[in-house]
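Engineer: Pasting the sequence and the predicted coordinates here, then a few questions.
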Amino acid sequence: MPSFRLIPVEPDHLPELGRICYEAFATLQRRHNAPVDFESADEGRMVINLLANRPDYIGVAAIEEDRHGKPTLIGSNFLQTADVVAGLGPITVDPQSQSRGVGRALMQHIIKEAKQRDRREVRLFQEAINITSLSLYTSLGFSWVDSAALMTPPRLQPGEAVSELGVRSMTPADLSAVAELSEATYGYSRAEDAAILLNVPFPGFVRERGGKVVGYFIPSLLGHAGAQTDDDLIAMLSVMGQQLAGPPAKFICPLSEVELFRTLLARGARVLKLLNYMSYGGPYKPPRGKWLPSIQC
């Protein structure tokens, strides 16, 4: 009987792990007639390459050997460790190798990695249509803490001009403001992750009011935001909608932020799909300010 074992992700694994990432998500999403995260295997490879080459990510691969000892990659999982709260995923298993305990083993390994690095909590976003992974994560100790909507950006309103919204591009000089805002919002600084994202480079935005930075936002599913008011978030999202297109022009809105969600819908933002926000360890403390999470935390 074929068996599998877990090993650290290596550079020569990345093309195949990217294909598996694409196939795992696309198979699930097309089965449920849901929007796909990746349009091609190349997009899956781009994401896996990005994560594997970040200094704050730990990757583990599942490899199967047949009776002749020939190895085949069948899945992977990642842990983001930039901040004191760790982010988990993406976890993907080749569709041909699912329902064999591979996903459970990959999850258990990454949870152990987080504990060894003294991360106080591990968080992830789980695709709501995937009842199998919801059950798995819950059985391993994760708890549901919120629901969220993956959304397209809002439109500028009649008479609104980008130049009048007080939004500009983020620079490394803004990271101290990101640290202050995220500490006030999330209860811990997310500036280290923001610094890494800016170096990728990912575009970032800040909003100023009265000469002070009152909000920050980094687009894409890996990005996140913290701000003083809903209006600050909406202004940055509207500018993002004008300046970006395609996969990066998406964001996650927690459904616990009811008024923000309602206002975004009124301004033309649209829901693509629902996600479950889950936490391990803790105790989980909801953010105190205005926030938009990353796909991991």
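Structural biologist: Okay, I see it.
Engineer: any low-confidence regions in this structure?
Structural biologist: 1-2 (pLDDT under 70).
Engineer: Kindly state the domain boundaries assigned to it.
Structural biologist: The chain breaks down by automatic domain parsing into domains covering 3-119, 151-274.
Engineer: For residue 133, find the nearest of those domains.
Structural biologist: Proximity to residue 133 (Cβ to Cβ) singles out domain 3-119 among the domains of the chain, at 7.2 Å. (Each C-beta comes from the backbone N, C-alpha and C, glycine too.)
Engineer: what about the closest one, how long is it end to end?
Structural biologist: The first and final residues of domain 3-119 sit 31 Å from each other (Cα to Cα, to the nearest Å).
Engineer: Could you pull out the strands in the stretch 51-200 of the chain for me?
Structural biologist: 57-65, 71-80, 85-88, 92-93, 121-127, 143-151, 167-169 (DSSP state E, counting those that start in this stretch).
Engineer: do you know which of these lies nearest residue 25?
Structural biologist: strand 92-93 (6.9 Å).
Engineer: for the protein, longest helix please?
Structural biologist: Ranked by residue count and defined by DSSP state H, the top helix of the chain is helix 14-31.
Engineer: for that one, packing partners?
Structural biologist: Contacts defined by 3 or more Cβ pairs under 8 Å, 6 or more residues apart in numbering; DSSP states H and E place helix 14-31 against helix 41-52, strand 71-80, strand 92-93.
Engineer: can you pull out the helices in this protein?
Structural biologist: In the chain, the segments counted as helices under DSSP H are 14-31, 41-52, 102-116, 131-139, 175-186, 191-199, 230-243, 258-266.
Engineer: Now render the ones you listed as JSON lines, adding distance to residue 208 and mean neighbour count.
Structural biologist: Below are those laid out as JSON lines (distance: least, Cβ to Cβ, whole Å; neighbours: other Cβ atoms under 10 Å):
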{"stretch": "helix 14-31", "distance to residue 208": "37", "mean neighbour count": "20"}
{"stretch": "helix 41-52", "distance to residue 208": "29", "mean neighbour count": "19"}
{"stretch": "helix 102-116", "distance to residue 208": "36", "mean neighbour count": "18"}
{"stretch": "helix 131-139", "distance to residue 208": "39", "mean neighbour count": "15"}
{"stretch": "helix 175-186", "distance to residue 208": "9", "mean neighbour count": "20"}
{"stretch": "helix 191-199", "distance to residue 208": "17", "mean neighbour count": "19"}
{"stretch": "helix 230-243", "distance to residue 208": "10", "mean neighbour count": "23"}
{"stretch": "helix 258-266", "distance to residue 208": "20", "mean neighbour count": "15"}
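Engineer: To residue 67, which of those lies closest?
Structural biologist: Here helix 102-116 is closest among the helices of the chain (Cβ to Cβ), at 18.4 Å.
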